[in-house]
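> Sharing a model prediction with you, sequence too.
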Amino acid sequence: MQQRVNQAETKTATLWQWINNTFHRFGSPKYFYDLTGKLLPWCWAGVLLVLIPGLIWGLAFAPPDYYQGNSYRIIFIHVPAAGIAMMGYAVMAFAGIVTLVWRMKMADVIAKVVAPIGASFTFLCLVTGAIWGRPTWGTWWEWDARLTSMLILFFLYVSVMALRAAIEHPDVAARATAVLSIVGIVNLPIIRYSVNWWNTLHQPSSIRLTGSSLAPEMLYPLLACIVGFYFLFAVLVMLSARNEVLLREYRSAWVKKWLKP
Amino acid sequence: MYFDSFADFVAMGTHGPYVWSAYALTLIVVLANLGVILHQGRKVQATIRQKLRRQQLQEQDSYEP
Amino acid sequence: MTIKRASLPPLLEAASLPPLSQGFGALLRRDLLLASRQRSDLIYPVFFFFMVVSLFPLGIGPDGKLLAKTAPGILWIAALLSTLLATDSLFRQDYDDGTLEILLSSPQSSFVFVTAKVLAHWLVASLPLLLFAPLIAVMLHLDGRGIGILLASLALGTPILSLISAIGASLTVGLRRGSMLVALIALPLYVPVLIFAVGAVETATLGGSVAGHIGYLAAMLVLAVTLAPFAIAAGLAISVKA
């Protein structure tokens, strides 16, 4: 009996060790570089095989919306961009936690490169929303709850990037931006909720951008676009992170070896 | 294909300018991101080479009595 | 295996430290004393508040109805800006003369001293606003009930603003051009406070019940008092070590 308990204990211990090792391997720059090198072709394939067909499907084959006509086809970039914008911030905040708790070098690389990419997708979401608003609401900008909270998300990205740019020492910049992005992620639900509440107070009847239930012939291309945008985001983040890793690790032997040919 | 002709597809009813400007902007943002990253990649290589060369020179200098 | 308590060196025994309340009180007294020697810190935020508010009628016209309608927003945005302006000096002096380093290296929790500093700062920079706000609100044709709720919302909301901007100040205290950054960091995080506080005053002037708004503000205050000091302490630790 005692032996069996011990066995179970060692088993959980080895499992835990395995998880721990896998997790900590991400901290190794060389491992990160090799892994992203292997993953990149797959993500490019995802972009080519999911995003581009999804966009063509949405643009040319999906039926028009009964109320909005063809202008609703902007949804196939607007909604995925919004998803990337929010996930990008979440990734940045998670990387911040890893930076503060485990002092993992690679986490800060990710946090640093995600910020401008996430901000650019937030910008994209805002502008496509405005363009969509013109034929739908009759104005370029409506203080719609979702657009407004997206605008504030954009400000949050800007503040994180500004803080990183202002601090010269890279290690200090890493931890300071980590704290700020964690503060931001704690605040985001409150901001979103308050903006929603403010919007219902001031605008009882605004046309919602998307219907609550989308017809399947519109939903499937949208899902393809969302998945495809995630691949695109992964490609951009990995490419940018690889540059950053090389720059930070230029003293190490593997970078020198990589540079030789 | 939902549209009858290519001209129809470009016109998108009356919403062509909106839809196409949104998609063009997306293309621009994505390509700008890619362009910046690729440019940075080339710059990083140059910087590393420069830094390593400088390091080497410094080491050589310090070995001379 | 358990660690025997007796094996700990006597310095680490919690009992050997003075109680937290004593440190809190001492730091609060010190900061208030410093502020009383520098009266300008007490007066400038109030004048700034007053000036910003009086610019609005000049900008949007003296129409009484329009002013009364926009008064909650104007007053709150002015209060928000003057809190922001005052925050830049929150940790600067202590950072420059090394006090911050000593406070951070003391064995007592930095949560307590951070809370004391923010409280002192709020008493100096925001409490005078509360005293002058009714006067300025009258000039914007806000009615009696609106003024009462305005005071309640300021009393609950400005501590949250102080805590949020203290996070920004803690992260930028070591930087040369920190004040602009504090604004960039703090302003987006002010949004929920602004929304609920202005909502409360607006609802009050329309004659509705404001229990919900005030409740939300109180909840946010509790959340901010509990969580923000951790972020401020972390930010200070990062800035000071640099």
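That came in fine, so what should we check first?
> Thought residue A:161 was touching residue A:112, still the case?
No - if you go by C-beta atoms under 8 Å, residue A:112 and residue A:161 don't touch, sitting 9.2 Å apart. Glycine gets a C-beta too; all of them are placed from N, C-alpha and C.
> Next, count neighbours for the residue lying closest to residue C:54 once chain neighbours are set aside.
The shortest distance from residue C:54 to any non-neighbouring residue, by C-beta to C-beta, 6 or more residues apart in numbering or on different chains, is to residue C:139 (7.5 Å). When neighbours are defined as other C-beta atoms under 10 Å in any protein chain shown, residue C:139 has 13 of them.
> Which positions in chain B make contact with chain A?
B:1-3, B:9, B:12-16, B:18-19, B:21-23, B:25-26, B:29-30, B:32-34, B:37-38, B:40-41, B:44-45, B:47-49, B:51-52, B:55 (C-beta under 8 Å from any C-beta of the partner chain).
> Please check those and keep the buried ones.
B:3, B:12, B:15-16, B:18-19, B:22-23, B:25-26, B:29-30, B:33, B:37, B:40, B:44-45, B:48 (16 or more other C-beta atoms under 10 Å in any protein chain shown).
> where's residue 224, which helix or strand?
If you meant another chain, say so; for now it's chain A. Per DSSP states H and E: residue A:224 is located in helix A:216-248.
> Actually, chain C is the one I wanted.
helix C:211-241.
> And the average pLDDT for stretch A:68-77 is what?
The predicted model assigns stretch A:68-77 a mean pLDDT of 82.
> near chain B at all, that stretch?
Yes - where contact is defined by C-beta under 8 Å from any C-beta, part of stretch A:68-77 touches chain B, namely A:69, A:70, A:71, A:73, A:74, A:77.
> mind listing what the third one touches?
In this structure, residue A:71 makes contact with A:65, A:132, A:135, A:136, B:12, B:15, B:18, B:19, judged by C-beta atoms under 8 Å, 6 or more residues apart in numbering or on different chains.
> Grab the most central residue of chain A for me.
residue A:88 (2.4 Å; C-alpha atoms, centre = their mean).
> Name the helix or strand for the residue lying closest to that residue once chain neighbours are set aside, please.
Using C-beta to C-beta, 6+ apart and skipping residues adjacent in sequence, the residue nearest residue A:88 is residue A:118, 2.7 Å away. Residue A:118 is part of helix A:105-137, with elements assigned from DSSP H and E.
> which helices and strands does the next helix or strand after that helix pack with?
Where DSSP H and E defines the elements, the next helix or strand beyond helix A:105-137 is helix A:145-166. Applying 3 or more C-beta pairs under 8 Å, 6 or more residues apart in numbering or on different chains; DSSP states H and E, one finds that helix A:145-166 makes contact with helix A:75-102, helix A:105-137, helix A:170-202, helix C:144-172, helix C:178-206.
> Next, the buried residues of helix A:145-166.
A:145-164, A:166.
> picking up where we left off before, possible to save the residues of stretch A:68-77 next to chain B as a markdown table with distance to residue C:201?
Below are these laid out as a markdown table (distance: C-beta to C-beta, whole Å):
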| residue | distance to residue C:201 |
| --- | --- |
| A:69 | 42 |
| A:70 | 44 |
| A:71 | 39 |
| A:73 | 43 |
| A:74 | 38 |
| A:77 | 40 |
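> which one of the residues you listed is nearest chain C?
Chain C lies nearest to residue A:77 out of those, by C-beta to the nearest C-beta, at 24.8 Å.
> what pLDDT does the nearest residue to the closest one once chain neighbours are set aside get?
Leaving aside its sequence neighbours, residue A:77 sits nearest to residue B:26 (C-beta to C-beta, 6+ apart; 4.8 Å). With respect to pLDDT, residue B:26 has a value of 92.
> check contacts around residue B:26.
Residues in contact with residue B:26, defined by C-beta under 8 Å, 6+ apart, are A:77, A:81, A:124, A:128.
> For residue 52, give me its contacts.
If you meant another chain, say so; for now it's chain A. Contacts of residue A:52 by C-beta under 8 Å, 6+ apart are residue A:228.
> could you do chain B instead?
By C-beta under 8 Å, 6+ apart, residue B:52 lies in contact with A:250, A:256, A:259.
> Those into TSV, with extra columns for distance to chain C and secondary structure?
Below are the contacts of residue B:52 laid out as TSV (distance: C-beta to the nearest C-beta, whole Å; DSSP: H, G, I helix; E, B strand; the rest coil):
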residue	distance to chain C	secondary structure
A:250	23	coil
A:256	30	helix
A:259	32	helix
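> Could you identify which of those has the most neighbours?
Among the contacts of residue B:52, residue A:250 has the most neighbours (other C-beta under 10 Å), with 19 neighbours.
> Excluding sequence neighbours, find me the nearest residue to it.
Residue A:250 sits nearest to residue B:48 (C-beta to C-beta, 6+ apart), 4.3 Å away.
> so the one you found is in which element?
Assigned by DSSP H and E, residue B:48 falls in helix B:16-63.
> on that earlier part again, just the buried ones among the contacts of residue B:26, please.
Buried residues within these, counting neighbours by 16+ other C-beta under 10 Å: A:77, A:81, A:124, A:128.
> Counting neighbours, what do you get for residue C:101?
By the criterion of other C-beta under 10 Å, residue C:101 has 14 neighbours.
> Which other helices and strands does the strand or helix carrying it contact?
Following DSSP H and E, one finds residue C:101 within helix C:99-105. With contacts taken as 3+ C-beta pairs under 8 Å, 6+ apart, helix C:99-105 sits against helix C:92-96, helix C:110-125, helix C:211-241.
> which other residues reach it?
Contacts with helix C:99-105, where a contact means C-beta under 8 Å, 6+ apart, come from C:27, C:91, C:93, C:94, C:110, C:113, C:173, C:233, C:236, C:237, C:240.
> Switch these over to a markdown table; also include pLDDT.
Output for the contacts of helix C:99-105, formatted as a markdown table (pLDDT from 0 to 100):
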| residue | pLDDT |
| --- | --- |
| C:27 | 85 |
| C:91 | 88 |
| C:93 | 85 |
| C:94 | 87 |
| C:110 | 85 |
| C:113 | 86 |
| C:173 | 89 |
| C:233 | 92 |
| C:236 | 92 |
| C:237 | 90 |
| C:240 | 86 |
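> Can you flag the buried ones in the residues you listed?
C:27, C:91, C:94, C:110, C:113, C:173, C:233, C:236, C:237, C:240.
> Out of those, which are close to chain B?
Counting by C-beta under 8 Å from any C-beta, nothing from the buried ones among the contacts of helix C:99-105 sits close to chain B.
> Which of the residues you listed sits closest to chain A?
residue C:237 (8.7 Å).
> which parts of chain C sit against chain A?
Chain C comes close to chain A at residues C:167, C:171-172, C:174-175, C:177-178, C:181, C:184-185, C:187-189, C:191-192, C:195-196, C:199, C:216, C:220, C:223, C:227, C:231, C:234-235, C:238-239, C:241-242, as judged by C-beta under 8 Å from any C-beta.
> Show me how to select, in PyMOL, the buried members of the residues you listed.
To isolate the buried subset of the residues of chain C next to chain A in PyMOL, counting by 16+ other C-beta under 10 Å, use the following:
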select buried, chain C and resi 167+171+172+174+175+178+181+184+185+187+188+189+191+192+195+196+199+216+220+231+234+235+238+239+242
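> what stretches of the chain score poorly on pLDDT?
Using chain A. Residue ranges of chain A with pLDDT under 70: A:1-6, A:8, A:201-213, A:260-261.
> Please refer instead to chain C.
The model of chain C has pLDDT under 70 over residues C:1-17, C:242.
> Go ahead and flag the most central residue of it.
residue C:162 (1.5 Å).
> and the closest residue to that residue other than its chain neighbours, what does it touch?
Closest residue in space to residue C:162, ignoring its immediate chain neighbours: residue C:122 at 4.5 Å, by C-beta to C-beta, 6+ apart. Contact partners of residue C:122, counting by C-beta under 8 Å, 6+ apart, are C:158, C:159, C:162.
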